[in-house]
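*Asks:* Here is my input; please provide its structure:
(4 chains)
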There are 2 protein chains.
Amino acid sequence: MKEKFLNQTNPNVSVDCVIFGFDGVELKVLLVQRDLQDNLEIQDDTLVLPGDLIRDNEDLDEAASRVLTGLTGIRSVFLEQIGAFGNPNRLSKGKDRTWLEAVRLKPDARVITVGYFALINIKNYKIKPAGFAKHVVWHDYKVVEELGFDHNEILDAAIRILRNKLYREPVGFKLLPRKFSLHHLYCLYNEIMDAEIDRRNFRRRMLKTGFLKETDEFQEGVPHKPARLYTFVKKEFENVSRKNFKFY
Amino acid sequence: MKEKFLNQTNPNVSVDCVIFGFDGVELKVLLVQRDLQDNLEIQDDTLVLPGDLIRDNEDLDEAASRVLTGLTGIRSVFLEQIGAFGNPNRLSKGKDRTWLEAVRLKPDARVITVGYFALINIKNYKIKPAGFAKHVVWHDYKVVEELGFDHNEILDAAIRILRNKLYREPVGFKLLPRKFSLHHLYCLYNEIMDAEIDRRNFRRRMLKTGFLKETDEFQEGVPHKPARLYTFVKKEFENVSRKNFKFY
DNA sequence: AAACTTAGTGTAAAATTTACACTTTGATTA
DNA sequence: TAATCAAAGTGTAAATTTTACACTAAGTTT
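*Replies:* Numbering: from 1, shown residues only, chains lettered A, B, ... in the order given. Now for the predicted structure:
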């Protein structure tokens, strides 16, 4: 069976989601194998970003949210647009064509996709391989392996934007559990910025931002001095473009 | 006659351009009155951003470039994507519907638009009211008047992005003639950032960036000491996300 | 020649950033 | 139970950057 919701689906516009998670060491991206439905004869293990055509009654953000929720069960989450990708040849690689012809009602339609990126707490949910995709993997974000369609380009754009935001907006927390140690946050920054930040300066400056509130709780089960846990506190966040603002 | 190029035009995706220019005092945006073609009976002086549906063989950037060139004659120019706008109700205001029904072959089609913003030297060209739009105006960017469709939203996004870029990337120059005085640049920064920057500090820091080269030429025809003119020099521009980089 | 207008310049105080090493705490092990 | 291990947690001095601020220079007009 080809696509459901045909009458309500826009054949020319899709969304694709770059879903980031942090396991304490590596920044991961959620990738899926394309769903071949009942086309068992096709051999295709290409990884792609989870995505879907948009429906006529939903906004772009809603479509991205639907994809994210369908895959992870997570509802309210950090989800922001990356931009639109519309190269006329973005669907013309061999395997991409094969897949489109097997699954899409209008396999030749020009499709513009709108990229989104999400930051989630990797431990907060179980991956549901239902719906779109049978195989779902958390992949190190430094992958260079070739994804389907133009998804490497979308992923690169997401990483660029994430790096730019990390120093200017309080977004790092979104990847952590509600209570976390400064060390945890520190590792996150090092991993995403691919840098080796000074530990003491990081700690002082991060605390100075006023976005952290200490709790009375400590790490448990570690074979050394347990670290204090903090929570993130929302506060009025003035316009980022204020010249000297640095998030951390 | 309704739209030309119907067979090659994608009814679901458009581009809209926020074209900025600086006249020495105010930052301006180029707005057009919708082209009603031969529908003389319709009364509609709503201003909108210049835009068009995309064609099947062109990339999004190319479509935006086509709109810009068609209107201004300018070819190579700073042109960057703002993002995609796809609210299902973005075309449903009364006058917008009237216009769509008069001009579009599929007036009910869902249209997602991709916003672009351009920075041009306002004096470098003559506006050509040919093609898309009969009436073309440079409007102060602080306008709050209501534009057609969701174009206020697109304009706001463009301004936000421009402000963020101005302090981090060498983009201000794109709005100036090839040779300009530091005062000219200073006014540009004050106008865009809606601030009152210290004149001496601005001068020192701007020169320190290494993007300016002094010429032997000076202002002419001014009733006071003439200012030296500078040119912008391209140099390797390292990744913006370097933590402490400030453009000026 | 005096008045006017904008161009162009320097410095000292304050704030921020950087580099850097030892003590504390709790768990494990000998 | 004392010693060891591993990561947590802390302070300071030097360098750099940012800020605030006022007068002289140059060319035009009156």
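*Asks:* quick one, strands of chain A?
*Replies:* A:9-22, A:27-33, A:47-48, A:51-55, A:78-85, A:112-120, A:136-140, A:179-181, A:212-218, A:228-232 (DSSP state E).
*Asks:* Redo the ones you listed as a markdown table? Include mean neighbour count and distance to B:E146.
*Replies:* All C-beta spots, glycine's among them, are computed from the backbone N, C-alpha and C. Output for those, formatted as a markdown table (neighbours: other Cβ atoms under 10 Å in any protein chain shown; distance: least, Cβ to Cβ, whole Å):
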| stretch | mean neighbour count | distance to B:E146 |
| --- | --- | --- |
| strand A:9-22 | 24 | 26 |
| strand A:27-33 | 22 | 41 |
| strand A:47-48 | 20 | 41 |
| strand A:51-55 | 22 | 27 |
| strand A:78-85 | 21 | 24 |
| strand A:112-120 | 25 | 26 |
| strand A:136-140 | 15 | 45 |
| strand A:179-181 | 19 | 45 |
| strand A:212-218 | 12 | 42 |
| strand A:228-232 | 18 | 38 |
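*Asks:* Out of these, which gets nearest to B:K235?
*Replies:* Each of those has some distance to B:K235 by Cβ to Cβ; the shortest is strand A:78-85, at 26.7 Å.
*Asks:* so does the closest one get close to chain B?
*Replies:* Yes - with Cβ under 8 Å from any Cβ of the partner chain as the criterion, chain B is reached by strand A:78-85 at A:Q81, A:G83, A:A84, A:F85.
*Asks:* Who are the packing partners of that strand?
*Replies:* Applying 3 or more Cβ pairs under 8 Å, 6 or more residues apart in numbering or on different chains; DSSP states H and E, one finds that strand A:78-85 contacts helix A:60-72, strand A:112-120, helix A:151-166, strand B:78-85.
*Asks:* still on that earlier bit, which members of the residues of strand A:78-85 next to chain B are the farthest-apart pair?
*Replies:* Greatest spatial distance among these (Cβ to Cβ): A:Q81 and A:F85, at 11.5 Å.
*Asks:* For chain A, which residues are neighbours of DNA strand D?
*Replies:* Counting by Cβ under 7 Å from any atom of the strand, chain A comes close to DNA strand D at A:181-183, A:199-201, A:203-204, A:218, A:222-228, A:243-244.
*Asks:* which residues are contacting the lowest-mean-pLDDT helix or strand in chain A?
*Replies:* Every helix and strand in chain A was compared by mean pLDDT, DSSP states H and E; the lowest is strand A:136-140, with a mean of 92. Residues outside strand A:136-140 that contact it (Cβ atoms under 8 Å, 6 or more residues apart in numbering or on different chains) are A:21, A:23, A:26-33, A:47, A:71, A:122, A:127, A:129.
*Asks:* For chain A, give me the ranges with low pLDDT.
*Replies:* Along chain A, segments meeting pLDDT under 70 span A:1-7, A:126-134, A:236-248.
*Asks:* mind checking how far A:H151 is from DNA strand D?
*Replies:* To DNA strand D, A:H151 is 36 Å away according to Cβ to the nearest atom of the strand, to the nearest Å.
*Asks:* So that residue is in contact with A:L49, correct?
*Replies:* Yes - between A:H151 and A:L49 there is a contact under Cβ atoms under 8 Å: 4.7 Å.
*Asks:* Mutual contacts of the two, please.
*Replies:* Counting by Cβ under 8 Å, 6+ apart, the residues touching both A:H151 and A:L49 are A:D16.
*Asks:* ok, these two, which is more surrounded?
*Replies:* More crowded of A:H151 and A:L49, by other Cβ atoms under 10 Å in any protein chain shown: A:L49, with 27 against 23.
*Asks:* do you know how far the more buried one is from A:A157?
*Replies:* A:L49 sits 11 Å away from A:A157, going by Cβ to Cβ, to the nearest Å.
*Asks:* And A:L100, by the same measure?
*Replies:* Using Cβ to Cβ, A:L100 is found at 23 Å from A:A157.
*Asks:* do A:Y141 as well
*Replies:* According to Cβ to Cβ, A:Y141 stands 13 Å off from A:A157.
*Asks:* These two: which has the busier surroundings?
*Replies:* Higher neighbour count among A:Y141 and A:A157: A:Y141, with 19 against 16, using other Cβ under 10 Å.
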